[in-house]
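Q: got a structure for you, letters missing:
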C-alpha cells in the first residue's frame, strides 16, 4: 500500500492553529525529520509510516518554508508528532497499518 497516495483528499491531521487551511485537496504525507530517531537527510526519507497528513499550509511550516512567530520549534515538532499519531490511528482503524 502506498501511504503517500493515501494522503490525497484526507483531512489535515497536524492542524496548526491559525495556519491550517483545512483543504483536503492540498493534503500530502509530511514525514518526520528527526535525525535523532531516523537516518534521514537529502536523499534518505523517513519511512512513510512516520508521516502525518498535512495540508499545504501546515506542510510549509513543518518543512521550514514558512514560519509563524506564535510557535517555537518545539511546538511545531509536538504538533507534527501528534499529527503522525492521529494519522496512524486512522490508518490502523481502516486496517491499512
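A: Right, received. Where do you want to start? What you see is a predicted model, and the numbers here were worked out from it, not measured in a lab. Numbers count the residues shown, from 1 in each chain.
Q: looking only at pLDDT, what's the mean for the longest helix anywhere in the chain?
A: In the chain, taking DSSP state H as the definition, the longest helix is helix 73-93. Throughout helix 73-93, pLDDT has a mean value of 97.
Q: Which other helices and strands does that helix contact?
A: strand 51-54, helix 56-62 (3 or more C-beta pairs under 8 Å, 6 or more residues apart in numbering; DSSP states H and E). No exception for glycine: its C-beta is placed from N, CA and C like everyone else's.
Q: So what touches the last one?
A: When you say that, I think you mean helix 56-62. 12, 14-16, 19-21, 23, 26-28, 30, 33, 54, 66-68, 71, 76, 80, 83 (C-beta atoms under 8 Å, 6 or more residues apart in numbering).
Q: which ones are touching the residue most central in space within the chain?
A: Residue closest to the average C-alpha location in the chain (C-alpha atoms, centre = their mean): residue 52, at 3.0 Å. Contact analysis of residue 52 by C-beta under 8 Å, 6+ apart lists 13, 14, 29, 30, 32, 80, 83, 84, 86, 87.
Q: of the residues you listed, closest to residue 1?
A: For the contacts of residue 52, the residue nearest residue 1 by C-beta to C-beta is residue 29; the value is 12.2 Å.
Q: which residues pair with that closest one across the strands?
A: residue 53 (DSSP bridges).
Q: that older thread, I'd like the helices and strands packed on helix 73-93 laid out as a markdown table, including distance to residue 5 and mean pLDDT.
A: Shown next, in a markdown table, are the helices and strands packed on helix 73-93 (distance: least, C-beta to C-beta, whole Å; pLDDT from 0 to 100):
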| stretch | distance to residue 5 | mean pLDDT |
| --- | --- | --- |
| strand 51-54 | 12 | 97 |
| helix 56-62 | 16 | 97 |
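Q: Would you mind telling me which of the ones you listed is nearest residue 91?
A: strand 51-54 (9.5 Å).
Q: My read is that residue 13 contacts residue 51, right?
A: No. Residue 13 is beyond contact range of residue 51, at 9.9 Å (criterion: C-beta atoms under 8 Å).
Q: Show me the common contact partners of the two, please.
A: With contacts defined as C-beta under 8 Å, 6+ apart, the residues shared by residue 13 and residue 51 are 84, 87.
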